[in-house]
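Undergrad: Predicted model follows, preceded by the sequence.
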Amino acid sequence: MGELDMRTESAFRRRIIANASVCGVLLAAIGFAPVAAQTPDAQHSAVINSYCVICHNADLKTAGLELDSADIANPAANAALWEKVIRKLRTGAMPPAGMPRPNAETYDAVASYLETTLDRVAMTKPDPGRPAIQRLNRTEYANAIRDLLAVDTNIIDIDLLLPNDDSSYGFDNIGDVLTVSPVLMEGYLSAARKISRVALGDVAAGAEGQVYEVPRFLVQWDRMSEDFPLGSRGGLTAEHYFPRDGEYDLRVRLQRNGKTYVVGTEFPRRLDVRLDGEVIKQFTVGGDAPGPRPDEPSSFNQGVFEHYLVDADENLHFRVSVKAGMRKIQLTFPNHISEPEGIFQPPVTDYAYAWDYGHPDLEPAIASLTIDGPYNAGGIGETASRKRILVCTPKAAAEEEACARQILSGLARRAFRRPVSDPDIQDWMALYQVGRSRGDFEDSIRLALQRVLVDPEFLFRIERDPPAARAGDAYRPSDLELASRLSFFLWSSIPDEQLIELADNERLSEPQVLEREVRRMLADPRANALVDNFAGQWLYLRNVEMVWPNPDVYPEFDANLRQSLQRETALFFESQLREDRSVLELLDADYSFLNERLARHYGIPHVYGSHFRRVALTDENRKGLLGQGSILTVTSYATRTAPTIRGKWLLENILGAPPPPPP
């Protein structure tokens, strides 16, 4: 982005902050100062007639707006029209440039009068409308399964089982568009069957294989993330579900160049394999490792060539005994590299040499990890999901039905997000009986669990009218419904037991209790969902994955930088939430979260290492969201900036005043 572009961004930021500051003062006055009942000042009507009606009248109907017949003395009679006027006034868009406009005091007085009047009327007779029944979207469904059954949904492939959700206004959790199709219902049934097998285990399951891959252009010259051991570089982390106690085959493949040769084999390097943090296997890669070698080319301009082995990773496999459950497998190399960061990895040509020591191919890198098994399998083992579901174990046949009822009642309470009674689980118990007639106790629980996962009260967020409510009445949601709203907003998941308990005792709606619970929930790691899902869609962070700047113009852009750009904005937004900071800091914060790679890209010195940390900013152009690379990337073309796209993004996402459709 050029210097002129950065100056323009800075000017935009100053104007937005100024407008936001005025709005904040006015909103504070509206929210906390008593509003005296009064008739509208005739001066407000004169201002509208003098500066607005000249274009927005019955004859011209500019932008489809007629203000000559609208009664400013009673704005509530045409609230939608005056809301449009307020938005234009608050953004300073009207009157347009070149047209006369009143002084700032008069201008703000009209906007404040309209806001105050409409807010007062809305408070005296609120009309929240009747929202559509809210279906869980795909993300909420996956998180609900995780929290209900203690199952890592990464192993379920929810994205493959359920179709994409439709979105509206840029978000995929709008109830009006979350419809239910036959394809979706089939997906729910398939997901329920697979989830029940994974959650309780399946002794009949045979050996299966799963491959974890590292993107080809993800440079592995440094510690990859905070999850990796200190002093390591490159590698891969795989959260793998081992369905049963048994033996599993692990096979490692290394990165290759444009042909078939393994890269980085000139010198011997140690490869560590860890299981839940403990080293279980070590290999030596490169150096005198066996395998046929290609012809060695001569050096080129004192560049450094390396030997490429075809089969350098042929022996990187072994078998290990693993207990059932979710386990973390890590592959890492000790960090022998002097430079802390690599560069963009261009495709290697027919030449088998590296240009200089900065070329990433001088060191080996992980391409993939394949896990096969189980072999010589034992029992299912005590996994987290089995402990969560099987809260009792019958010692005799006579105890089975009571135990099944206890298990299903606990599942129903969490799945329905409310207390349950016997009638709620009658259908489930009937399925339990069917399953028991065909198999053992766990088989019958597995069948009943499938019924839980397709129950409408699990798949939908159902809110019922109070018994005494009449048609058109406005009422507050119950505490249990409030708990569900809170958890799906902050966690994109079901409420936990503490939230349900408070709601069941009708204490959640107490202001002090509600504030305490919101703060507790924001401090919980599950609140990362608010960053990933809300900020990811509001700020278009998800779109960073789809933008590939032209490599001829931006040769330094690679997967590492892309991830760093996303991570910066995610951490910045997360800090705003967890620390309850001023909303204005979204636009003018003098700090951000950077690692070495991103700091170097921004030209910020003295930031070392791959971990992100809070860094003070001195460059005005880098302050706030508008100076962050992720925002600039998603509002640009692949080869240059796009003022029109960026301006539209600012109007829609920051000012909440989307531009009108083109003429």
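TA: On my side now, so go ahead.

Undergrad: all helices of the stretch 501-650 of the chain, in order?
TA: 511-523, 528-529, 536-538, 559-578, 585-588, 596-602, 629-634, 643-649 (DSSP state H, counting those that start in this stretch).

Undergrad: for the stretch 51-200 of the chain, same thing?
TA: Counting by DSSP H, counting those that start in this stretch, the helices of the stretch 51-200 of the chain are 79-90, 104-124, 138-149, 158-161, 182-200.

Undergrad: Any idea which of those helices gets closest to Glu266?
TA: helix 158-161 (40.3 Å; CB to CB). Every residue, glycine included, has its C-beta placed from N, CA and C.

Undergrad: how far does the closest one sit from the chain's center?
TA: 17 Å (CA atoms, centre = their mean, to the nearest Å).

Undergrad: ok so, going back, which stretch among the helices of the stretch 51-200 of the chain is buried most, on average?
TA: helix 138-149 (a mean of 22; mean count of other CB atoms under 10 Å).

Undergrad: Please work out which residues outside it touch it.
TA: Here helix 138-149 makes contact (CB atoms under 8 Å, 6 or more residues apart in numbering) with 136, 151-153, 156, 158-159, 162, 164-165, 172-173, 191, 195, 199, 385, 388-389, 411, 414-415, 453, 458-459, 488, 491-494, 496, 526, 529, 533.

Undergrad: between that helix and helix 182-200, how many degrees?
TA: Orientation check (axes from the mean of the first three to the mean of the last three CA atoms, to 10 degrees): helix 138-149 against helix 182-200 gives 30 degrees.

Undergrad: what mean pLDDT does helix 138-149 have?
TA: Here helix 138-149 scores 96 as its mean pLDDT.

Undergrad: Name the helix or strand of the protein that has the lowest mean pLDDT.
TA: helix 3-32 (a mean of 41; mean pLDDT, DSSP states H and E).

Undergrad: gap between the residue nearest in space to the middle of the chain and Tyr51?
TA: Geometric centre of the chain, nearest residue: Asp532, 1.8 Å, by CA atoms, centre = their mean. Remark: distance between Asp532 and Tyr51 (CB to CB, to the nearest Å) = 45 Å.

Undergrad: on that earlier part again, just send the helices of the stretch 51-200 of the chain back as CSV, with distance to Lys395 too.
TA: Below are those laid out as CSV (distance: least, CB to CB, whole Å):
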stretch, distance to Lys395
helix 79-90, 66
helix 104-124, 61
helix 138-149, 24
helix 158-161, 36
helix 182-200, 19
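
Undergrad: coming back round to it: closest to Val180 out of the helices of the stretch 501-650 of the chain?
TA: Nearest to Val180, of those and by CB to CB, is helix 536-538 at 21.8 Å.

Undergrad: Show the pLDDT at the nearest residue to Leu594 once chain neighbours are set aside.
TA: Among residues not flanking Leu594 along the chain, Val615 sits closest, at 4.7 Å (CB to CB, 6 or more residues apart in numbering). For Val615, the pLDDT comes out at 96.

Undergrad: With the one 10 residues further on instead?
TA: pLDDT, Leu625: 95.

Undergrad: One more: Gln210?
TA: For Gln210, the model assigns a pLDDT of 87.

Undergrad: so what's the closest residue to Ile174 other than its chain neighbours up against?
TA: Excluding the flanking residues, the one nearest Ile174 by CB to CB, 6+ apart is Ser168, at 4.0 Å. Going by CB under 8 Å, 6+ apart, Ser168 touches Ile174, Asp176, Val177.

Undergrad: hmm, 10 Å instead?
TA: Applying CB atoms under 10 Å, 6 or more residues apart in numbering, one finds that Ser168 lies in contact with Ile174, Gly175, Asp176, Val177, Leu178.

Undergrad: Same check on Glu510?
TA: Residues in contact with Glu510 (CB under 10 Å, 6+ apart) are Asp479, Leu502, Arg516, Glu517.

Undergrad: among those, which ones are buried?
TA: Among the contacts of Glu510, the ones that count as buried by 16 or more other CB atoms under 10 Å are Asp479, Leu502, Glu517.

Undergrad: ok, so what distance separates the first one from Asp440?
TA: So that's Asp479. For Asp479, the distance to Asp440 - CB to CB - is 40 Å.

Undergrad: same question, the last one
TA: Taking CB to CB as the measure, Glu517 falls 41 Å from Asp440.

Undergrad: Looking at the contacts of Ser168, which are in strands?
TA: When the contacts of Ser168 are checked against strands (DSSP state E), there are no matches.

Undergrad: Out of those residues, flag the one nearest to Met99.
TA: Closest to Met99, out of all of the contacts of Ser168 and judged by CB to CB, is Ile174, at 36.9 Å.

Undergrad: Output the below-cut-off pLDDT ranges for the stretch 1-150 of the chain.
TA: 1-41 (pLDDT under 70).

Undergrad: just the stretch 251-400 of the chain next, same as before
TA: Using pLDDT under 70, the flagged stretches of the stretch 251-400 of the chain are 258-259, 287-310, 336-361.

Undergrad: how about 80 then?
TA: Residue ranges of the stretch 251-400 of the chain with pLDDT under 80: 257-267, 286-313, 335-363, 378-381.

Undergrad: now the strands for it?
TA: Counting by DSSP state E, counting those that start in this stretch, the stretch 251-400 of the chain has strands at residues 269-275, 278-285, 317-322, 325-334, 366-375.

Undergrad: Each with direction, which strands does the third one pair with?
TA: In other words, strand 317-322. In the sheet, strand 317-322 lines up against strand 246-254 (antiparallel) (DSSP bridges).

Undergrad: same question, the fourth one
TA: According to DSSP bridges, strand 325-334 has the following sheet partners: strand 232-242 (antiparallel), strand 269-275 (antiparallel).

Undergrad: Convert the C-alpha atoms of it to CSV, please.
TA: Taking Å, rounded to 0.1, in the frame of the first residue of the first chain, the C-alpha atoms of strand 325-334 are listed here in CSV:
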residue,chain,number,x,y,z
GLY,A,325,-8.9,-41.1,23.3
MET,A,326,-7.8,-37.7,21.8
ARG,A,327,-4.0,-37.4,21.7
LYS,A,328,-1.6,-34.8,20.4
ILE,A,329,1.1,-36.0,18.0
GLN,A,330,3.9,-33.5,17.2
LEU,A,331,6.7,-33.7,14.7
THR,A,332,9.5,-31.1,15.2
PHE,A,333,13.2,-30.4,14.4
PRO,A,334,15.6,-28.8,16.9
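
Undergrad: from the chain's centre, how far out does it sit?
TA: The answer for strand 325-334 is 24 Å, by CA atoms, centre = their mean.

Undergrad: next one: the second one
TA: Distance of strand 278-285 from the chain centroid (CA atoms, centre = their mean) equals 34 Å.

Undergrad: how far off strand 269-275 does it point, in degrees?
TA: Using the same axes, to 10 degrees: strand 278-285 against strand 269-275 is 150 degrees.

Undergrad: Kindly report the same for the last one.
TA: Using the same axes, to 10 degrees, the direction of strand 366-375 lies 40 degrees away from that of strand 269-275.

Undergrad: hang on, Gly209 packs against His240?
TA: No: assessed by CB atoms under 10 Å, Gly209 is found out of contact with His240, at 11.1 Å.

Undergrad: For these two, list the residues in contact with both.
TA: Tyr248, Ile371.

Undergrad: who has more neighbours, those two?
TA: His240 (21 against 11; other CB atoms under 10 Å).

Undergrad: need the contact list for the more buried one.
TA: His240 touches 152, 154-155, 210, 212, 248, 250, 275, 322, 325-329, 369, 371, counting by CB under 10 Å, 6+ apart.

Undergrad: Is it possible to mark the buried ones in those residues?
TA: 152, 155, 212, 248, 250, 275, 322, 325-327, 329, 369, 371.

Undergrad: Alpha carbons only: can I get stretch 599-615 in CSV?
TA: Extracted in CSV, the C-alpha atoms of stretch 599-615 (Å, rounded to 0.1, in the frame of the first residue of the first chain):
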residue,chain,number,x,y,z
ALA,A,599,6.7,-6.9,12.4
ARG,A,600,9.3,-7.1,9.7
HIS,A,601,6.5,-6.9,7.1
TYR,A,602,5.3,-3.7,8.7
GLY,A,603,8.9,-2.3,9.2
ILE,A,604,8.7,-2.4,13.0
PRO,A,605,12.1,-3.3,14.6
HIS,A,606,13.0,-5.2,17.7
VAL,A,607,10.3,-7.9,17.6
TYR,A,608,11.9,-11.4,17.6
GLY,A,609,10.4,-14.9,17.5
SER,A,610,7.3,-16.5,16.2
HIS,A,611,5.1,-15.9,19.2
PHE,A,612,2.7,-12.9,19.2
ARG,A,613,3.0,-10.2,21.8
ARG,A,614,1.5,-6.8,22.4
VAL,A,615,3.6,-4.1,20.6
